[in-house]
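Novice: coordinates only, sequence not included:
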């Protein structure tokens, strides 16, 4: 049994969602729990109701639409992603996964298919982590990785708490933010956000897992001095040590693994004045790899490089690892379902490990989890330049739908 | 004729001024045109009046106290510095020069000395350039380097204009901010803010000039991408290029001259998020040397290094030189007056070129200008750790007073 999606409706739904929080350059600015988020949530609930789904909203704003199966007591299959965006992000990131999930249940109706298991479509709250940290927050609360009250207390740059923002847009629901039953599986379609599918000339990505990572920060403490009268050999310049570390982070991945990446995304210098030798500089590190042992190596390397950089410049330093996530391997069952769906369509599927975290990261602790990647032209994301052709959207959505259908169907049938 | 200052009064006056804008750690936080600046200006005017000086305040807040000479038409000798401080600065920077100038005229009175030329004591507005830029602003306006209306329009970080701030503290005076007559000479005592006098075991610095400098900024434009799925070889990371340049600026002085210094004091990265590859990073440069040709070499070197750094990382870049100041050589006449005053006291004087700009920089375009440096223990300044012993304060103030007395006295006498 193969499910055929309505390409025109998929495209129209994608275009419609992209009007909420649209920016002039064709992107999206739809930060979690803002007015734009309220509008897209209202729109999403309307789509769920139009598809005759049973809507429920949990206390953290995660929103589900349920389509019963022939066995209402069976563990459901959950399909979805997120509708919030980065600041000035693109229109595919997250939204494509939610729209594809909607198209999946719409197409089941079109063809009068009854699944054994219930199917649920979900939009997770605050995947992006732009206005409120951390990212993947709603799925993390739901999966039990975070305490809901602690997350409600998080504040944005204006001091507004997440709890107040959620209540203000009217999306604090009445269902506990946790799985009420066992779940059979979770499938998520997402744009790749990298160039590997394009480079492999693939139509769709069969995601086998998610890389592990270490995030942290190094703060160097030098001596603030007037930049004029202080001879070079008297200086302990925190920014010079930080520059050394930035250079090291650029170099470390090339010595570790083919898939290792390392980034310094953040720098903060004090007093940050053209005429004063920098006293205190903080830089972050982020390393990812599919192999936890390589992540650990990268972590040890960055600590050693920080020590060397501090020694060379005669500054003090301290390090703080802020987060460590182990690599995730999706179970054969979900990966095989995705691969079979791709093969059945005659798609060129490529197996790959996701370089970014997704809501699927947290769901992997709840139930068998898998992901489908859509091609990202140019590998761009988190920007209005993010682009996936409608053909590629349709291929990936079709693979998602057929993999979900397989998982929702009792093998005996 | 040797003028002997009152050491006890000098110390008491220094201690008194340090109570205005005092910080808990023994420093000063007395930013230009704030309430603390108004208070220290009120105090200063009171000191001028107590010394029977004729007070005048110009339209930019520069405040003068005049003691007539036997020839009231003679060009006056001007002595002073500034009373504003850096954020959490020290108690000597600037203030010692103003207090020493006060002590000079008080001591003339003590000993009943009449100078041929009028003597004026001055406190320049906003030397530090912390709240409003540029530094040395009041002396720059007075010397004709800046247009007063343009400087009044400058705003602080809260959008308050300098003109409003000056008016609010009641220090927009009624005298044009320009020399009303010719000036015979300007002498300024300042703490060295560097370690050279300590290293030379000298009691006082005979300043022969001020280094030239180039200030500018390089902005690198890379590509913002998600730090997870973007392979290392696909990246154009603006911060990596900036780190390269920071390292180069640390290295360049050691290839140019014994007195060359180079600093990156400021860095600004965008979007500055731990999880996004930096798209745009601006870093500043500052190079100083007593030789203009070396400053020019440093400027050319930093441009070449910026190009190389951008090439290596595949990013675009642009450079902007924001300021270039030629080196200043003080005339023999003022330098000799300072040296003779030091010799007469039996002081160990050391000739040196100031590594920092001072109000004397602008005054050098108005009249014969000279400077005296007091020893900076540890070479520290712009911090509460700034320290000059009272002995060293007294030595330097005595040298300043006797040099000024020589310049204010008709050689025929």
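Specialist: Sure thing, it's come through. All values derive from a computational prediction rather than experimental measurement.
Novice: which stretches of the stretch 51-200 of chain A form helices?
Specialist: With DSSP state H, counting those that start in this stretch as the definition, the stretch 51-200 of chain A shows helices at residue ranges A:95-110, A:137-142, A:148-152, A:162-168, A:196-199.
Novice: which elements pack onto the last one?
Specialist: Yep, that's helix A:196-199 we're talking about. Counting by 3 or more C-beta pairs under 8 Å, 6 or more residues apart in numbering or on different chains; DSSP states H and E, the packing neighbours recorded for helix A:196-199 are strand A:204-210, strand A:349-354. C-beta here means a position set from N, CA and C on the backbone, and glycine is covered the same way.
Novice: so which of those strands is nearest chain B?
Specialist: For chain B, the closest of those is strand A:349-354, at 7.1 Å, according to C-beta to the nearest C-beta.
Novice: what strands line up against that closest one, and which way round?
Specialist: Counting by DSSP bridges, the strands paired with strand A:349-354 are strand A:204-210 (parallel).
Novice: chain center to the strand it pairs with: distance?
Specialist: Taking the mean C-alpha point of strand A:204-210 and that of its whole chain, the gap between them comes to 14 Å (C-alpha atoms, centre = their mean, to the nearest Å).
Novice: need the residues that contact that strand.
Specialist: Outside of strand A:204-210, the residues within contact range by C-beta atoms under 8 Å, 6 or more residues apart in numbering or on different chains are A:192, A:196-197, A:290, A:327-330, A:335, A:338-339, A:342, A:347-354, A:356-358, A:360-361, A:364, A:370-375, A:392, A:395-396, A:399.
Novice: buried residues in that strand?
Specialist: Residues of strand A:204-210 classed as buried: A:204, A:205, A:206, A:207, A:208, A:209, A:210 (neighbour count, 16 or more other C-beta atoms under 10 Å in any protein chain shown).
Novice: can you put the residues you listed in JSON lines and add pLDDT?
Specialist: Written out in JSON lines, the entries for these read as follows (pLDDT from 0 to 100):
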{"residue": "A:204", "pLDDT": "98"}
{"residue": "A:205", "pLDDT": "98"}
{"residue": "A:206", "pLDDT": "98"}
{"residue": "A:207", "pLDDT": "98"}
{"residue": "A:208", "pLDDT": "98"}
{"residue": "A:209", "pLDDT": "98"}
{"residue": "A:210", "pLDDT": "98"}
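Novice: if we can go back for a sec, restricted to helices, list the contacts of strand A:204-210.
Specialist: Counting by DSSP state H, the part of these found in helices is A:196, A:197, A:335, A:338, A:339, A:342, A:360, A:361, A:392, A:395, A:396, A:399.
Novice: how about these in JSON lines, adding distance to residue B:241?
Specialist: Rendered in JSON lines, the data for these read as follows (distance: C-beta to C-beta, whole Å):
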{"residue": "A:196", "distance to residue B:241": "25"}
{"residue": "A:197", "distance to residue B:241": "28"}
{"residue": "A:335", "distance to residue B:241": "39"}
{"residue": "A:338", "distance to residue B:241": "39"}
{"residue": "A:339", "distance to residue B:241": "41"}
{"residue": "A:342", "distance to residue B:241": "40"}
{"residue": "A:360", "distance to residue B:241": "34"}
{"residue": "A:361", "distance to residue B:241": "32"}
{"residue": "A:392", "distance to residue B:241": "33"}
{"residue": "A:395", "distance to residue B:241": "38"}
{"residue": "A:396", "distance to residue B:241": "35"}
{"residue": "A:399", "distance to residue B:241": "40"}
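Novice: just give the nearest non-adjacent residue to the one residue in the stretch 51-200 of chain A that gets nearest to chain B, would you?
Specialist: When you check the stretch 51-200 of chain A against chain B by C-beta to the nearest C-beta, the closest residue turns out to be residue A:194, at 3.0 Å. Counting by C-beta to C-beta, 6 or more residues apart in numbering or on different chains, residue A:194 lies nearest to residue B:229, which is 3.0 Å off, once chain neighbours are set aside.
Novice: just give me the residue right at the centre of chain A.
Specialist: residue A:358 (3.2 Å; C-alpha atoms, centre = their mean).
Novice: beta partners of the residue nearest to it when sequence neighbours are not counted?
Specialist: Nearest residue to residue A:358, sequence neighbours excluded (C-beta to C-beta, 6+ apart): residue A:190, at 5.6 Å. Beta-bridge pairing of residue A:190 under DSSP bridges involves residue A:373.
Novice: nice, that's everything, thank you.
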